[in-house]
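Asks: based on what follows, work out the 3D shape:
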Amino acid sequence: MTEVDDSGGRSLRGFPWLVMAVGLAALAVLLALGTWQVNRLAWKEALIATIDQRIALAPGPLAEIERLYADTGDVDYWPVALRGVFLHDHESHFLATWKGASGYFVYTPLELADGRLILVNRGFVPFDRKDSSARPEGQVEGEVGIVGLARNPLTEKPSWIVPDNDLAKNVFYWKEIAAMAGRAGIDPARLVPFFVDAGAAPNPGGLPVGGVTMVDMPNNHLQYAVTWYGLAAALVVILVLFIRGRVRLRP
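Replies: Modelled structure (predicted):
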């Protein structure tokens with residue numbers, strides 16, 4: 001321990017260095033969290049700008065979107081127009097909420113003129129309309145035109161807390177394109193390797209409810225950054241007051 005011996009000096013005898021070390025470690029954590037949120041803010045603003053730019057474009061033909069996917073691996077939110085026949089007997093159900101209601105997004109294979117298939121998210125149905133027999137009007141027959149947004153497939157489960165997909169019950173907790181295609185009996189060679197979210201054009205009978213793509217991204221990272229940096233500033237004030245109170249004037 002250190003003590004200043006000149007007359008009128010201050011003494012550090014008995015100073016709680018462990019408390020200071022913990023305080024400085026907490027300060028470092030708060031600053032790191034604030035900086036992380038600043039970085040997330042920049043990422044989210046760039047993502048929102050990209051989405052806004054893409055969804056404003058005119059829908060392109062599927063062949064064009066496929067070329068883009070082959071070149072970049074990214075077609076998220078690109079408007080696309082396509083035609084085909086729905087294979088309603090092979091739809092998959094993704095657990096979801098829509099406007100405060102719980103239910104499923106219905107993913108149905110659409111068979112294209114060349115014999116390939118693409119999984120289309122036709123929209124939302126409530127829990128009690130999961131079975132297609134409960135919404136027969138919406139099971140449109142024959143060739144249909146779809147205008148929607150292309151969506152990238154997920155390469156892995158988003159988080160360990162997300163349950164595994166239940167193929168036996170036809171309930172998907174994450175959008176595993178290979179599992180959906182496999183359950184529908186689709187040959188991988190015939191599968192277009194990304195999804196399409198159908199637009200908001202109404203289906204007969206009102207179900208599924210289309211246009212469920214989330215394009216209004218929440219962006220609270222600035223608030224979080226201000227919170228973490230504010231806590232760091234408050235901790236600095238507390239540490240300064242603590243030091244002033246512990247460093248005693250020698251008699």
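Asks: low-confidence ranges, the stretch 101-250 of the chain, go.
Replies: 217, 246-250 (pLDDT under 70).
Asks: where do the helices sit along it?
Replies: Taking DSSP state H, counting those that start in this stretch, the helices of the stretch 101-250 of the chain run over residues 177-183, 221-246.
Asks: out of those helices, which comes closest to residue 65?
Replies: In terms of C-beta to C-beta, the element of the helices of the stretch 101-250 of the chain nearest to residue 65 is helix 177-183, at 15.3 Å. All C-beta spots, glycine's among them, are computed from the backbone N, C-alpha and C.
Asks: about what we covered before: make JSON lines out of the helices of the stretch 101-250 of the chain and add mean neighbour count and distance to residue 146.
Replies: Formatted as JSON lines, the helices of the stretch 101-250 of the chain follow (neighbours: other C-beta atoms under 10 Å; distance: least, C-beta to C-beta, whole Å):
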{"stretch": "helix 177-183", "mean neighbour count": "19", "distance to residue 146": "17"}
{"stretch": "helix 221-246", "mean neighbour count": "14", "distance to residue 146": "34"}
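Asks: looking at these, which is nearest to residue 189?
Replies: Of the helices of the stretch 101-250 of the chain, nearest to residue 189 by C-beta to C-beta is helix 177-183, at 10.7 Å.
Asks: which other helices and strands contact that closest one?
Replies: Packing partners of helix 177-183 (3 or more C-beta pairs under 8 Å, 6 or more residues apart in numbering; DSSP states H and E): strand 117-126.
Asks: ok, back up a step: turn the helices of the stretch 101-250 of the chain into TSV, including distance to residue 68.
Replies: Formatted as TSV, the helices of the stretch 101-250 of the chain follow (distance: least, C-beta to C-beta, whole Å):
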stretch	distance to residue 68
helix 177-183	17
helix 221-246	29
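Asks: these: which one's closest to residue 48?
Replies: Ranking these by proximity to residue 48 (C-beta to C-beta) places helix 221-246 first, at 11.2 Å.
Asks: now for that closest one, which elements pack on it?
Replies: Applying 3+ C-beta pairs under 8 Å, 6+ apart, we find helix 221-246 packed against helix 17-55.
Asks: packing partners for the helix or strand following the helix it packs on?
Replies: On the C-terminal side of helix 17-55, the closest following helix or strand by DSSP states H and E is strand 60-61. Counting contacts by 3+ C-beta pairs under 8 Å, 6+ apart, strand 60-61 is packed against strand 79-86.
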